[in-house]
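task: produce atomic coordinates for the following.
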Amino acid sequence: MEIHDRSPFLPEGLEFVLSHEGEVSVSSIVQHTVCLFFSAHWCRPCRNFTPQLIQAYDELKQRGDYLEVIFISFDKDEACFLEHYKAMPWLALPFDEGLRRRICSQYKVDHIPALIPLDCNVKAIVADAVQLIEDYGVDAFPFTVERREKLKAIDEERKGCTLQALLVSDRVNHLYSNNGIQVPLSNLTGRTTGLYFAANWSPPCKYFTSQLVRVYDDLKVTNGDEFEVVLVSSDRDQCAFNQCKSTMPWLAIPFNSKSRHELFRIFNIKAIPALVFIGPKGEPYGTDGREMITCHGANAFPFTEERAVELGAAVEREKEGLADQVKDQKHKHLLKLDMRKAFICNGCRKEGRFWSFCCRICNFDLHPDCVMEENETKIKKEGRNEICIPATKSGIQEFHFTTTTFRAISNQSS
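The predicted model follows:
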């Protein structure tokens, strides 16, 4: 492309940019697509992104597409700038904080890393191409809005494909068991499959993995060949991937498959752990797999939207017959009924879910069936007229209570 306005690169008459061989005249890059790369050595996201940009840059160069990147440093001094720049194969502006501030102001750059592709009039094609490179790599070129929308449309089409079709497109015809044995993709045919997005370095993943293992083992006993889980790892090296895989009884996509990255993008996974369920016919379910496992365990199978509605209705039925508030001997404050995804009961010290009689002031929780009646004389003295009588459990974690007046209870007992 021909650059008509050199002001972003040559403020105040600056005639050259830098390369590792020395100064380079701007006239030598007029036939290239130009991207401004804002980065710093102290910035971990910048250091993580730079290798991805280098890979795309090298691949574009090999296939003959013209791209030039110009590094603009956010480093604190020239020594840090040079340390960061030595790993980059492209050009750079001389280290100058004033120059950087003027260019950042022109392109409204308020974060790093940032990658600004420029058109022939030195205007930004998109606000920032970092996400495009992270999501699509070299396929994102030439980084236009039209290219981005086309790639998104392709992803939407692929989301409706079977997992086998998604993986075969990357020439993957097998998965790995936790002991390294190759398992044919055809083994997933007709099964509800959970895509488990996780990594060995993530403490939340390790915690959730233990929950998922229990559910997996239970479903393998009750549902056998109807259910499978496949690890989609975001580990950074083969060793970490192997460690992660070894802690799980299910299958895994090979570490060297680019499908791992594509599945993160196609299913819009922005945080781990995450769990996406795909039905026996290849249709992705719109449920939050992690939430369903955490709240309902194996009882959530087959993890469909319909099952999620059923479970939600069951939770609401648990509330029927429960008082809005109770007084219990084990705590000095009034306890109010509240929905809690998970808690530890201060009465029996066991884990609880959904309905709890709790004190927000003291972070105190009781299972509904752990609530005890107050002493009759104490109730009379305090003028309380509400009391709960525990009933037996029935159905799915249902605890039914009767709320009535003390006079009525006394009459029944007399």
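
which elements pack onto the one helix or strand Val221 maps to?
Using DSSP states H and E, the element containing Val221 is helix 203-222. Here helix 203-222 touches strand 192-198, strand 227-233, helix 289-296, going by 3 or more Cβ pairs under 8 Å, 6 or more residues apart in numbering; DSSP states H and E. Any C-beta I mention is one placed from the backbone N, CA and C, and that applies to glycine too.

could I get the buried residue list for the strand or helix carrying Lys61?
Taking DSSP H and E as the definition, one finds Lys61 inside helix 44-62. The neighbour-count check on helix 44-62 (16 or more other Cβ atoms under 10 Å) flags Cys46, Phe49, Thr50, Leu53, Ala56, Tyr57, Leu60 as buried.

cool, and stretch 35-45?
Cys35, Leu36, Phe37, Phe38, Ser39, Ala40, His41, Cys43.

now swap in stretch 360-372 and tell me
For stretch 360-372, by 16+ other Cβ under 10 Å, it's Phe364, Asp365, Leu366, His367, Pro368, Asp369, Cys370, Val371.

Phe267: which of the residues you listed is nearest?
Asp365 (34.6 Å; Cβ to Cβ).

so that closest one makes contact with Gly352?
Yes. Counting by Cβ atoms under 8 Å, Asp365 touches Gly352, with 6.8 Å between them.

common neighbours of those two, please.
Residues touching both Asp365 and Gly352 (Cβ atoms under 8 Å, 6 or more residues apart in numbering) are Arg340, Phe343, Ile344, Cys345.

surely the last one is in contact with Val371?
No. Here Cys345 lies out of contact with Val371, judged by Cβ under 8 Å, at a distance of 10.2 Å.

could you list the low-pLDDT ranges of the chain?
Counting by pLDDT under 70, the chain has low-confidence residues at 1-14, 27, 29-32, 120-124, 168-171, 372-414.

please parse it into its domains.
Here the domain parsing of the chain from automatic domain parsing is 11-153, 160-313, 320-413.

if we can go back for a sec, nearest to Leu175, of the buried residues of helix 44-62?
Set against Leu175, the nearest of those by Cβ to Cβ is Ala56 (28.1 Å).

would you list the shared contacts of Asp365 and Gly352 in CSV and tack on distance to Leu93?
Below are the shared contacts of Asp365 and Gly352 laid out as CSV (distance: Cβ to Cβ, whole Å):
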residue, distance to Leu93
Arg340, 55
Phe343, 56
Ile344, 57
Cys345, 62
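
reformat these as CSV; add neighbour count.
Conversion of these to CSV gives the following (neighbours: other Cβ atoms under 10 Å):
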residue, neighbour count
Arg340, 12
Phe343, 20
Ile344, 14
Cys345, 19
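
which one of those is nearest to Asp288?
Looking across the shared contacts of Asp365 and Gly352 and measuring by Cβ to Cβ, the closest to Asp288 is Arg340, at 17.5 Å.
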